[in-house]
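Trainee: Structural data only, the sequence is not supplied:
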């Protein structure tokens, strides 16, 4: 969806969806008092610490900290994007998605609901044909594939002939035939006749992240061109946004810590045959921004495994250029180049799983490959070569958004060309970064109150032993509203609250006004309303804090907190007026306000 989904639609959707139903379909829940519990699906545990509140429409794991609404759960559990999670919920609730921009979409082909089912039927048809195709079976065995791996990837066979799939799925039904054409399975001749796109090929079904068959790749059995034939772009298949094997990798590994990106279907399948079941392949395209976003949603380490020839290195460099804006956003890139004449399929068959995974561990880090490739393009022994290197590097460094990574790359480049770091920073567009010595950015982890790497830069001030910092009244009020949104109806937004000058007051006022117009909204819906705002993370964090108040005293606690804030507002105004009276004097209106405030104390 090109445009942002209307917030009113999201609010309405969440009011119709029950988070218990959404989660229970995927993770069986058990009633525990007023809430529901289960073992957390996001980390391994034996004792349930994953709780779901039907009243709040909110889940929270006290073990790993995972939390959110029904939308957040689908995004995390199914690895969906925000719009995809909205669409999934809407389809389940039988609610039509809003059209973002009718003018923009008026000429775009729409996907009929039956198209996914039809593509699945095509996949089943090809698998059935494989059972009696001796040539195809002999080919797969010759490539070292077991029956189990063939079944896991649902590999099939498209028989010779021009109309097998057409007759099997469409018959005389012209509407089905048109859908098969729309899905890329049939091709129309100039005379209007339809024929099968895939003939006499090993068939690899391509599944999206939800497991739906959306396209196919076909490998020719004998010599001929093209060796691989892919489905064209269709309403449900966009090759620049999909990765072959990702669905199978997720099925085999609930917690993916890394993914290998290879070039072909057979590479993915062959690696899985040898127990390396975390490989994916692009579908005849270079790595795109959408691919990287997809990879980043599933893991933090991506290893590009390409042939070591010129074409393989060019493909790797294109991946680097695409990834530069995303560096240090939790993405760690590595590069493995195989010897000439080898690909992952042949390599893993020759050396086995253990040796291949050792190669993966020794893969080049991003920075090593980045500077190695730059130095291939310029001879830096002379000034002209150094100038050329800087000319090549500057537009690349301009793409880097993360300041720490940029600082390290610029510092390393300055060392290579033997020039002051400040001069390199000065040459970058719109950069204002202090040229301090930098070490290579590393992943950080929190343990026992200290950052284990980079302690001198990241260690927080020591806390006073035995003392716990009390939350501010503003923070307390927001937290209480998140736990019990109906509390907003207990008060009016007074002028004293509106004049209060404390951190977080603006958010508190916005939240109160929002809840006055939506008295029945849930915690989960509140968080979704603020998801795309700077305050969203703060609200999400406060919503996970355990509420120790009982039902009887939560209202009184909220009212007391509001009174405390109003008293603080009175004190602030008094302090301001008294200081002003001493310095420049007060006008009549200010004197009257001062007297009113003094009487209200």
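Mentor: Here it is on my side, so go on. Since we're looking at a predicted model, the values are computed, not measured.
Trainee: need the contact list for the residue sitting nearest the centre point of the chain.
Mentor: Among the residues of the chain, the one closest to the centroid is residue 297, at 3.4 Å (C-alpha atoms, centre = their mean). By C-beta atoms under 8 Å, 6 or more residues apart in numbering, residue 297 lies in contact with 79, 81. Where C-beta positions appear, they are placed from N, C-alpha and C, glycine not excepted.
Trainee: Ends of stretch 152-171, what's the gap?
Mentor: End-to-end distance for stretch 152-171: 30 Å, by C-alpha to C-alpha, to the nearest Å.
Trainee: Kindly report the same for stretch 4-23.
Mentor: So stretch 4-23: terminal residues 25 Å apart, C-alpha to C-alpha.
Trainee: for the record, mean pLDDT for it?
Mentor: Here stretch 4-23 scores 87 as its mean pLDDT.
Trainee: Show me what counts as buried in it.
Mentor: Neighbour counts using 16 or more other C-beta atoms under 10 Å place 5, 10, 13, 14, 17, 19, 20, 22, 23 of stretch 4-23 among the buried residues.
Trainee: The second one touches residue 530, doesn't it?
Mentor: What it means is residue 10. No. With contact defined as C-beta atoms under 8 Å, residue 10 does not reach residue 530; the gap is 11.3 Å.
Trainee: mind listing what residue 414 touches?
Mentor: Counting by C-beta under 8 Å, 6+ apart, residue 414 has contacts 420, 421, 423, 424.
Trainee: Any chance of a PyMOL selection covering the buried ones in the residues you listed?
Mentor: Here is the PyMOL command that selects the buried residues among the contacts of residue 414 (16+ other C-beta under 10 Å):
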select buried, resi 421+424
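Trainee: Out of the contacts of residue 414, the closest to residue 497 would be?
Mentor: residue 421 (49.8 Å; C-beta to C-beta).
Trainee: The closest one touches residue 410, doesn't it?
Mentor: Yes. Taking contacts as C-beta under 8 Å, residue 421 lies within contact range of residue 410: 6.2 Å.
Trainee: quick one on the thing from earlier: in helices, which of the contacts of residue 414 fall?
Mentor: Per DSSP state H, helices hold the following members of the contacts of residue 414: 421, 423, 424.
Trainee: Could you chop this protein up by domain?
Mentor: According to automatic domain parsing, the chain comprises the domains 7-103, 114-237, 246-370, 377-426, 473-600.
Trainee: can you give me the offset of whatever helix or strand residue 149 lives in from its chain's centre?
Mentor: In this structure, residue 149 is located in helix 147-152 according to DSSP states H and E. Remark: helix 147-152 is offset 30 Å from the chain centroid, using C-alpha atoms, centre = their mean, to the nearest Å.
Trainee: Enumerate the positions of it that are buried.
Mentor: Those would be 149, 150, 152, for helix 147-152 by 16+ other C-beta under 10 Å.
Trainee: before we move on, what about stretch 336-356?
Mentor: Of all the residues in stretch 336-356, those buried under the rule 16+ other C-beta under 10 Å are 336, 337, 338, 343, 344, 345, 346, 347, 348, 356.
Trainee: show me the contacts for the last one.
Mentor: I take that to be residue 356. Here residue 356 is in contact with 271, 274, 276, 344, 347, 348 (C-beta under 8 Å, 6+ apart).
Trainee: for those, which one is nearest residue 227?
Mentor: residue 344 (16.4 Å).
Trainee: Now do the contacts for residue 371.
Mentor: For residue 371, the contact set (C-beta under 8 Å, 6+ apart) comprises 412, 413, 416.
Trainee: typo on my end, it should be residue 499
Mentor: Counting by C-beta under 8 Å, 6+ apart, residue 499 has contacts 569, 572, 573.
Trainee: before we move on, the earlier item: could the ones in helices among the contacts of residue 414 be laid out in a markdown table, adding pLDDT?
Mentor: Conversion of these to a markdown table gives the following (pLDDT from 0 to 100):
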| residue | pLDDT |
| --- | --- |
| 421 | 78 |
| 423 | 71 |
| 424 | 72 |
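Trainee: helix or strand for residue 44, which one?
Mentor: Here residue 44, judged by DSSP H and E, is contained in no helix and no strand.
Trainee: Give me the local confidence score for it.
Mentor: pLDDT, read off for residue 44, is 77.
Trainee: quick one: it and residue 29, what's the gap?
Mentor: Remark: distance between residue 44 and residue 29 (C-beta to C-beta, to the nearest Å) = 18 Å.
Trainee: Please identify which of those two sits among more neighbours.
Mentor: residue 29 (22 against 11; other C-beta atoms under 10 Å).
Trainee: Roughly how far does the more buried one sit from residue 484?
Mentor: Distance of residue 29 to residue 484, computed by C-beta to C-beta: 23 Å.
Trainee: Name the nearest residue to residue 379, ignoring sequence neighbours.
Mentor: Excluding the flanking residues, the one nearest residue 379 by C-beta to C-beta, 6 or more residues apart in numbering is residue 385, at 4.1 Å.
Trainee: what's downstream of the strand or helix carrying that neighbour, the next helix or strand?
Mentor: Using DSSP H and E, residue 385 falls within helix 383-397. Counting by DSSP H and E, the element after helix 383-397 in chain order, helix or strand, is helix 403-417.
Trainee: quick one: average confidence on that next one?
Mentor: Per-residue pLDDT over helix 403-417 has a mean of 87.
Trainee: which parts of it are buried?
Mentor: 404, 405, 406, 407, 408, 409, 410, 411, 413, 414, 417.
Trainee: who's in contact with stretch 69-80?
Mentor: 10, 14, 17, 19, 22-23, 26-27, 41-42, 57-59, 66, 68, 81-82, 84-86, 88-89, 209-210, 250, 297-298, 524-525, 527-528, 531.
Trainee: Pull the distance from that stretch to the chain's centre.
Mentor: For stretch 69-80, the distance to the chain centre is 10 Å (C-alpha atoms, centre = their mean).
Trainee: What's the mean pLDDT across it?
Mentor: Stretch 69-80 comes out with an average pLDDT of 87.
Trainee: ok, now how distant is residue 287 from residue 249?
Mentor: Here the criterion is C-beta to C-beta. By it, residue 287 lies 17 Å from residue 249.
Trainee: Tell me if I'm right that residue 92 and residue 18 touch.
Mentor: No. In this structure, residue 92 is not within contact of residue 18 by C-beta under 8 Å, at 10.6 Å.
Trainee: sorry, back to before: tell me, how many neighbours does the residue nearest to residue 379 end up with?
Mentor: Residues near residue 385, counting by other C-beta under 10 Å, number 15.
Trainee: Please apply the same query to the one 10 residues further on.
Mentor: The burial count assigned to residue 395 is 12, neighbours taken as other C-beta under 10 Å.
Trainee: what do you get for residue 284?
Mentor: Count around residue 284 with other C-beta under 10 Å applied: 15.
Trainee: Report the contact partners of the nearest residue to it once chain neighbours are set aside.
Mentor: Of all residues not flanking residue 284 in the chain, residue 230 sits nearest, at 5.3 Å (C-beta to C-beta, 6+ apart). Contact partners of residue 230, counting by C-beta under 8 Å, 6+ apart, are 215, 216, 217, 218, 239, 283, 284.
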